[in-house]
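> Sequence first, predicted model second:
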Amino acid sequence: MLYRVEGIVIRSMDYGEGNKIITLLTKTNGKLGVMVRGAKKVKSRHASLAQPFTYGEFVFFRNKGLGTLNAGEILESHHLLREKLDLAAYASYLAELTDKMLQEDESGAMLFEQLKAGYAAMEEGKDPQIVSHLFEMRILEAAGYAPELEICVNCSSEQGPFRLSPHAGGVLCPRCARNDAQAIPMGEGAYKLMRLFSRMDLRRLGAIQVKPETKKELKRLMRELMDVHIGIPLKSRTFLDQMDKYSFE
């Protein structure tokens with residue numbers, strides 16, 4: 001059967017001497033794999049379609065399992081995301097996170113729109129770390145682990161200052177936080193941004209400036225949430241951590 005889909009390349013791997021297998025996150029058909037024959041050859045007309053982060057229209061034949069690319073058109077090459085090291089690292093993290101979270105053919109329309117918007121935002125010069133935290137919130141939401149950040153997850157109190165309890169799935173008021181030794185204090189700036197992230201669509205992200213100390217705190221808070229509820233080891237996240245480490249030395 002012949003398919004025509006909009007998709008984003010979230011993984012690209014060599015196969016044989018001249019081919020590549022790409023994993024697409026599509027708007028209508030979820031996550032799927034497609035063989036791109038001859039993609040490694042210099043004169044291949046499909047080589048650019050097999051590049052990571054490419055957003056395009058893909059026409060492929062598929063009976064069961066892996067599809068085979070017939071034709072395609074690049075809508076956004078996102079070459080800048082491959083050329084700049086920091087952008088490539090964050091773009092890879094978003095792609096790998098998406099790939100690990102979704103099963104083959106699982107519906108991913110919401111994540112498709114968020115990933116597409118996230119890549120566009122990074123190319124426009126918006127802070128890739130902030131983009132990644134927004135995307136992480138959408139991943140938590142898609143997995144059914146969106147944190148409760150408005151009221152105490154234990155007693156529904158609206159009285160702060162709150163602490164974040166990843167294991168409880170949200171924030172705890174001062175009284176309830178006394179019973180959770182792992183609850184994490186939050187600065188006012190980080191807490192406000194967490195609440196904003198929990199309800200913001202990446203397609204609506206405007207210009208945003210965040211202090212370095214607040215970004216460091218946000219990273220810790222989001223890392224705790226992701227580790228507790230998602231807990232998937234990612235090579236791209238390890239690289240991001242190494243990159244951050246050397247940037248501060």
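Alright, I've got the coordinates.
> Can you tell me the centre-most residue of the protein?
Nearest to the mean C-alpha position of the chain, by Cα atoms, centre = their mean, lies L94 at 3.0 Å.
> distance of K27 from R163?
Applying Cβ to Cβ, to the nearest Å, the value for K27 to R163 is 39 Å. Glycine gets a C-beta too; all of them are placed from N, C-alpha and C.
> same question, N154
N154 sits 11 Å away from R163, taking Cβ to Cβ as the criterion.
> what sits in contact with each of these two?
Listed contacts common to N154 and R163 are L172; contacts here mean Cβ atoms under 8 Å, 6 or more residues apart in numbering.
> Show me the shaky parts of this structure.
For the chain, residues meeting the criterion pLDDT under 70 lie at 247-249.
> which element is the residue located most distally from the centre of the chain on?
Taking Cα atoms, centre = their mean, the residue of the chain most remote from its mean C-alpha position is R175, at 34.5 Å. Using DSSP states H and E, the element containing R175 is helix 174-177.
> Can you dump the C-alpha atoms of the helix or strand the residue nearest to the centre of the chain falls within in CSV for me?
If you go by DSSP H and E, L94 is part of helix 85-101. Coordinates of each C-alpha in helix 85-101 appear next as CSV, following Å, rounded to 0.1, in the frame of the first residue of the first chain:
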residue,chain,number,x,y,z
LEU,A,85,26.9,21.5,18.4
ASP,A,86,24.6,22.7,21.1
LEU,A,87,21.5,22.7,18.9
ALA,A,88,22.4,19.3,17.5
ALA,A,89,22.7,18.0,21.1
TYR,A,90,19.3,19.3,22.2
ALA,A,91,17.6,18.3,18.9
SER,A,92,19.0,14.8,19.3
TYR,A,93,17.7,14.7,22.9
LEU,A,94,14.2,15.6,21.8
ALA,A,95,14.3,13.0,18.9
GLU,A,96,15.6,10.2,21.1
LEU,A,97,13.1,10.9,23.8
THR,A,98,10.3,10.8,21.3
ASP,A,99,11.7,7.6,19.7
LYS,A,100,12.0,5.8,23.1
MET,A,101,8.5,7.0,24.3
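> name the helices or strands packed onto it?
Packing contacts for helix 85-101, counted by 3 or more Cβ pairs under 8 Å, 6 or more residues apart in numbering; DSSP states H and E, involve strand 2-15, strand 19-26, helix 79-83, helix 109-123, helix 128-142, helix 235-247.
> Throw these into TSV and include distance to R195 and mean neighbour count, thanks.
Compiled in TSV, the helices and strands packed on helix 85-101 are given as follows (distance: least, Cβ to Cβ, whole Å; neighbours: other Cβ atoms under 10 Å):
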stretch	distance to R195	mean neighbour count
strand 2-15	28	18
strand 19-26	28	23
helix 79-83	28	16
helix 109-123	18	21
helix 128-142	10	22
helix 235-247	24	13
